[in-house]
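Student: when you get a sec, could you give me coordinates for this:
(one chain, ligands or ions: 2)
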Amino acid sequence: MVDVRDLNVKFGEKHVVHDVSFVVNQGEIIGLFGISGAGKTTIVRVMTCQIEKKHWTGTVKVTGLSPEKKSNHARILSNIGYVPQLELLNLYFELDPMVNVEVFTSTYGMNKQKAQETAERLFKILDIPEDTWNKSVKRMSGGEKKRLSMAIGLIHNPDVLFLDEPTTGVDASKRYDILSYLKKLNQKLNTTMFIITHDLEAALICDKAAILREGKLLEFDTSQNLISSLPSEGLIARFTIENLNERIIEFIRNFPPIRRIIRVGNEAIEVLLGDFEENLPKLIHYMIENNIIVKSMSKDIATFRRYFQIRIQMEEEKEKSLENVKVIKK
Ligand SMILES: Nc1ncnc2c1ncn2[C@@H]1O[C@H](COP(=O)(O)OP(=O)(O)OP(=O)(O)O)[C@@H](O)[C@H]1O
Ligand SMILES: [Mg+2]
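Tutor: Residues are numbered from 1 along each chain as shown. Ligands and ions are numbered 1, 2, ... in the order given. Below is the predicted model of the structure:
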């Protein structure tokens, strides 16, 4: 459905996307994760025909067509949907939802009757209350507006839907609702989806996660595979330690099987260990022997949030050690 090979994007001297390649099959949900400035929006803008060819190189195919050729743009745009970060960019707040549908579908030359039927179907899947369908959008709640914006993005039954930050600015309880609606739409319509997000919980509904940092694609895989690539398949021990401080953390770090240690709260750390089951009792013993007071301990599989944090840390460390090598060579 989407095939990106060796994508590089440059704005003048600024090289913002480096050698990015990935393949996405029909019906997959892809999460694009990365701290601000990583290049997520830029990659989506290439795929959605929003960046002129002179700024990028590589092979990009979206629904079998390349955005490289201007003559393909109209066809690509009718095959894809785009839900911007701000609903006000694709909704007319003064008009009601059904009139919004009419306005958008008329640009695709869609039959009015068919548009209405599709809208009703989508509104029902998305639980947009029937009594709001014919009243102005500005009277809808925030969550309803967000869902309407998704319905508009899907109204022409696109093969691929791009969503920019669908859960940003939505309160915590509603975030899960939005994610489960997206999953439901994906299952009912088999729409391929790209979700750009800072919300690491969104990985729960994604088939694959793309992790970007400074324009480079660090990983592209299922979150399960990524987590199990950590030492001991991603098993993590969490300790609450009395009077935790940097000195104690350094001390624990010196225990040889420790692969990584992360402070996750005022008195809490999480550790990754080589040969987890064998070394965990030894670690506890080591702490007790050295008068470190452990108030509680639990073990679990790392979350995607933790994986992401560790993966970014690893990259930063790799970069630092390369810089050190360069300094030594000089
Ligand atoms: N048209 C442009 N001209 C020059 N630089 C640009 C342009 N568009 C993007 N950039 C730069 O490219 C880099 C990546 O931007 P991009 O918007 O893709 O990041 P992002 O991962 O989407 O970040 P965020 O999470 O903040 O939305 C940034 O450093 C940005 O300043
Ligand atoms: Mg962005």
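
Student: now the strands for the stretch 1-150 of the chain?
Tutor: Remark: strands of the stretch 1-150 of the chain, listed N- to C-terminal, are 2-11, 14-24, 29-33, 56-62, 80-83; assignment by DSSP state E, counting those that start in this stretch.

Student: again, but for the stretch 201-330 of the chain
Tutor: For the stretch 201-330 of the chain, the strands defined by DSSP E, counting those that start in this stretch cover 208-213, 216-221, 235-241, 258-263, 268-273, 294-301.

Student: TSV for these, including distance to Ile35?
Tutor: C-beta coordinates here come from the backbone N, C-alpha and C atoms, glycine included. Listed next are the strands of the stretch 201-330 of the chain as TSV, based on distance: least, Cβ to Cβ, whole Å:
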stretch	distance to Ile35
strand 208-213	7
strand 216-221	12
strand 235-241	22
strand 258-263	17
strand 268-273	20
strand 294-301	24
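
Student: need the pLDDT of Lys174.
Tutor: Lys174 is assigned a predicted lDDT (pLDDT) of 78.

Student: burial of it, as a residue count?
Tutor: Counted by other Cβ atoms under 10 Å, the residues lying close to Lys174 total 16.

Student: what of Ala209?
Tutor: 25.

Student: show me what contacts the residue nearest to it when sequence neighbours are not counted?
Tutor: Residue nearest to Ala209 in three dimensions, not counting chain neighbours: Gly31, with 4.7 Å by Cβ to Cβ, 6 or more residues apart in numbering. Gly31 makes contacts with Ile195, Thr197, Ala202, Ala203, Cys206, Lys208, Ala209, Ala210, as judged by Cβ atoms under 8 Å, 6 or more residues apart in numbering.

Student: test my guess that Leu65 contacts Arg75.
Tutor: Yes: contact between Leu65 and Arg75 holds when scored by Cβ atoms under 8 Å: they sit 5.8 Å apart.

Student: and the contacts of stretch 307-327?
Tutor: Identification of contacts with stretch 307-327 by Cβ under 8 Å, 6+ apart yields 33, 35, 200, 211, 213, 218-219, 223, 226-227, 230, 234, 260, 262, 272, 302.
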